[in-house]
Every structure is written in C-alpha cells, then in structure tokens.
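**Q** sequence and predicted structure, then a few things I'm wondering about:
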Amino acid sequence: MTIQWFPGHMHLTRKAIAERVKDIDVVIEMLDARLPGSSANPLLSELTGHKPTLKVVNKQDMADPARTTLWLAHYNAQPATRAIALDASVSAPARAIINACFELAPNRGGMVKPMRVLICGIPNVGKSTLINTLAGKRATKTGDEAGVTRNEQRIALADDFYLFDTPGMLWPRIVVPESGFNLAASGAVGRNAYDDQEVALELLAKLKADYPTLLEARYKLGLAPQAISDLPEEDLMAAIARKRGALAAGGTVNWQKVAELVIADFRAVHIGRVTLETPEQFGHWLAAGLKADAARSERKQARAEQPPKRRKR
C-alpha cells in the first residue's frame with residue numbers, strides 16, 4: 001500500500017511558505033516525537049533554503065525518552081539548527097522557543113529589527129496548541145485531526161517577536177514507505193488515504209520488535225516478550241482481538257475493529273511511550289526510498305523516450 005495525501009489547500013500552503021520565507025529570520029519546524037524523521041517535511045528545507053531552523057520535537061510526553069535524546073543529538077549536530085523537545089501544552093518549556101530563536105538569529109530584536117519566525121509542521125503535530133500556549137490565549141483553532149488550520153496567521157508574541165503560522169503541510173509524494181505508515185498511525189494523514197488494517201499490522205510489527213513488554217502489559221496476552229516478538233503480526237493482532245472482544249459472528253476476528261483499536265491505543269498512549277524510529281533506522285529507510293524513487297524516475301524517463309509504436313492495420 002502506498003500512502004499519499006496532498007489536498008488542494010496544501011498547494012496553497014506551499015506557495016504561501018515560499019513567499020513568506022523571503023522575510024523570515026528563523027524557521028520553526030514542529031516534529032512528532034514519536035516519529036521525528038517521518039514527520040520532517042523534505043519539501044520544507046527546499047522552500048526555506050539556508051534559514052536558521054529550530055526543530056521542536058513535540059509530544060515528548062508520548063514518546064520514548066531515550067529515543068528522543070537520540071533525535072535531539074541528531075538534529076543539534078546539523079549546521080544552523082537547534083532542537084528542543086517539549087509538550088506543547090506546557091507553558092514553561094514552550095517559552096524556551098523564543099530564546100532559542102534569538103540564539104539562532106542574534107542580530108534580530110527590538111522595534112527596528114523585530115524577530116520574524118515562520119512555524120511549520122505536518123497536520124496534527126500540535127502546532128496550534130503550541131501557539132496558543134505561547135500567546136497565552138486561544139490564538140488559533142485546535143483539533144485532533146489533520147488539516148484544522150487552513151489560513152496563514154500572524155501572532156505577536158512580544159513587541160519585537162512575530163510568529164507566522166501556516167496550515168499543516170505534507171509533501172506531494174512520500175518516497176519512504178515506512179514514513180507513510182508511521183504518519184498514518186499518528187493521525188497526520190486523512191482517513192481516506194490509508195487502510196486501517198494494513199497500518200495496524202505495520203504498527204504492530206514495530207511495536208513487537210521494540211516494545212513487546214508494553215504490548216503484554218496493555219493486552220495481557222500471557223506471553224513472554226520474546227514470544228511476542230516472534231509472533232507474526234497477523235497472529236498478534238488476532239490474539240489482541242480475542243482478548244479485547246473484537247470478534248465477529250461465530251467468534252471470528254473482526255479485523256477492522258481490532259485494527260482501529262490498536263491504532264487508537266497507540267494515539268492515546270494506552271500502549272505506553274513509544275517512538276517508531278531511531279535516526280539510524282530512518283537513515284536506512286530514507287536511503288532505500290531515495291534509491292527506489294530514482295530507479296522509478298529512470299524507468300519513467302526511459303518509457304517517455306521510447307518511440308511511439310505504430311498501430312497494426
């Protein structure tokens with residue numbers, strides 16, 4: 001299954017970012033701490049060029065702390081980049097964002113040269129919640145679904161600090177298959193873009209490999225961690241269905257119901273604090289995805305260069 005989602009309003013967002021970034025001092029990209037690599041928009045770096053960037057690894061309270069530390073080190077090692085982790089609803093850490101922006105652009109500040117910051121991120125990453133926390137009021141509309149913010153907004157966080165908000169934006173084509181599944185599991189893409197059962201199976205594949213103890217604690221399967229890790233995903237999902245009563249007539253597994261249950265448990269942190277990827281894992285996925293995409297482009301180009309076939313008469 002290929003997961004793609006790029007509705008019309010995201011084309012408008014792309015144009016708005018390209019125009020706005022000309023006057024911007026710092027770009028804030030919000031990432032989901034449960035999938036930092038997959039939630040980083042490759043199109044954004046193309047649009048913003050070499051602007052100083054602050055990576056805000058949001059929803060840290062939902063993610064594996066050890067893996068969050070790995071991701072912060074990964075991003076902080078990049079040039080003109082800083083990374084901090086926070087939960088967007090907590091006011092004290094959120095205020096650190098303003099200080100981080102002035103560190104990235106030390107020549108800005110004051111009424112003559114106010115700080116101008118563009119904040120971007122994929123849908124449902126918590127951007128609006130963070131802005132409301134920073135502003136100390138309900139500055140933007142929030143919601144637990146993709147695509148709530150639709151128009152650019154300017155919010156004055158101080159007399160010399162302006163924050164420009166944009167709608168959540170994905171990129172036209174997701175070349176890393178694992179990222180597509182992770183984004184779907186997190187709720188970053190709309191329901192019509194993916195199949196719940198396939199996403200749940202991919203999610204369980206990651207969880208049984210890295211967090212079997214959490215799966216046992218949540219679903220009481222009566223299995224040792226290694227036994228859970230060795231269980232095929234379909235069998236694991238069937239075991240969860242039987243434990244949680246996600247059954248159809250005759251006691252057969254209701255695959256749709258149990259898939260929705262697993263995804264909902266992940267999003268609500270009922271399974272526990274998990275992160276679906278490490279920097280090393282994502283690096284391998286990205287390299288493989290780019291290689292496959294290059295081969296695809298070559299095949300497409302070769303077909304385009306072939307002479308048209310004459311129809312037989």
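**A** Sure, I can see it.
**Q** give the contact list for Asp32.
**A** Ser38, Ser39, Asn58, Lys59, Ile122, Val125, Gly126, Ser186, Ala188 (Cβ atoms under 8 Å, 6 or more residues apart in numbering). Yep, even glycine has a C-beta here, placed from its N, CA and C like the rest.
**Q** so for it, what's the pLDDT?
**A** According to the prediction, Asp32 has pLDDT 97.
**Q** which one is it nearest to, not counting chain neighbours?
**A** Closest residue to Asp32 apart from its sequence neighbours, by Cβ to Cβ, 6 or more residues apart in numbering: Ser39 at 4.2 Å.
**Q** same check on Leu203?
**A** In space, Leu203 is closest to Ala185, 4.8 Å off (Cβ to Cβ, 6+ apart).
**Q** from Val57, how far off is the spatially most central residue of the chain?
**A** Nearest to the mean C-alpha position of the chain, by Cα atoms, centre = their mean, lies Ser39 at 2.7 Å. When Cβ to Cβ, to the nearest Å is the yardstick, Ser39 and Val57 sit 9 Å from each other.
**Q** sketch out the low-pLDDT regions of the stretch 51-200 of the chain for me.
**A** For the stretch 51-200 of the chain, the stretches flagged by pLDDT under 70 are 137-152, 168.
**Q** what segments of it are helices?
**A** 65-76, 91-104, 127-135, 177-186, 196-210 (DSSP state H, counting those that start in this stretch).
**Q** so what's the gap between the helix or strand just after the longest one and the chain middle?
**A** Think helix 196-210. Per DSSP states H and E, the first helix or strand lying C-terminal to helix 196-210 is helix 212-219. Taking the mean of its C-alpha atoms, helix 212-219 sits 24 Å from the chain's own mean (Cα atoms, centre = their mean, to the nearest Å).
**Q** and helix 212-219 with helix 196-210, angle?
**A** On the basis of axes from the mean of the first three to the mean of the last three Cα atoms, to 10 degrees, helix 212-219 is oriented at 130 degrees to helix 196-210.
**Q** for helix 212-219, buried residues please.
**A** For helix 212-219, burial by neighbour count (16 or more other Cβ atoms under 10 Å) applies to Pro212, Leu214, Leu215, Glu216, Arg218, Tyr219.
**Q** ok, stretch 94-114 next?
**A** Those would be Ala94, Ile97, Ile98, Ala100, Cys101, Phe102, Leu104, Ala105, Arg108, Gly109, Pro114, for stretch 94-114 by 16+ other Cβ under 10 Å.
**Q** dump those to JSON lines, plus distance to Leu134.
**A** Output for the buried residues of stretch 94-114, formatted as JSON lines (distance: Cβ to Cβ, whole Å):
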{"residue": "Ala94", "distance to Leu134": "6"}
{"residue": "Ile97", "distance to Leu134": "7"}
{"residue": "Ile98", "distance to Leu134": "8"}
{"residue": "Ala100", "distance to Leu134": "12"}
{"residue": "Cys101", "distance to Leu134": "11"}
{"residue": "Phe102", "distance to Leu134": "14"}
{"residue": "Leu104", "distance to Leu134": "16"}
{"residue": "Ala105", "distance to Leu134": "17"}
{"residue": "Arg108", "distance to Leu134": "17"}
{"residue": "Gly109", "distance to Leu134": "17"}
{"residue": "Pro114", "distance to Leu134": "16"}
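**Q** before we move on, the earlier item: to Val27, which of the helices of the stretch 51-200 of the chain lies closest?
**A** helix 91-104 (9.3 Å; Cβ to Cβ).
**Q** what does the closest one rub up against?
**A** Looking at what lies outside helix 91-104 - Cβ under 8 Å, 6+ apart - the contacts are 25-26, 28, 52-54, 56, 80, 82, 84, 86-88, 108-109, 115, 117, 130, 133-134, 136, 157-158, 161.
**Q** against Ala188, how distant is the residue lying closest to Gly187 once chain neighbours are set aside?
**A** Among residues not flanking Gly187 along the chain, Asn124 sits closest, at 5.0 Å (Cβ to Cβ, 6+ apart). Distance, Asn124 to Ala188, by Cβ to Cβ: 5 Å.
**Q** check Phe282 too.
**A** 15 Å.
**Q** quick one, which of those two is more surrounded?
**A** Counted by other Cβ atoms under 10 Å, Phe282 and Ala188 do not tie: Ala188 has more neighbours, with 26 against 23.
**Q** list the buried residues in stretch 63-79.
**A** Ala63, Asp64, Arg67, Thr68, Trp71, Leu72, His74, Tyr75.
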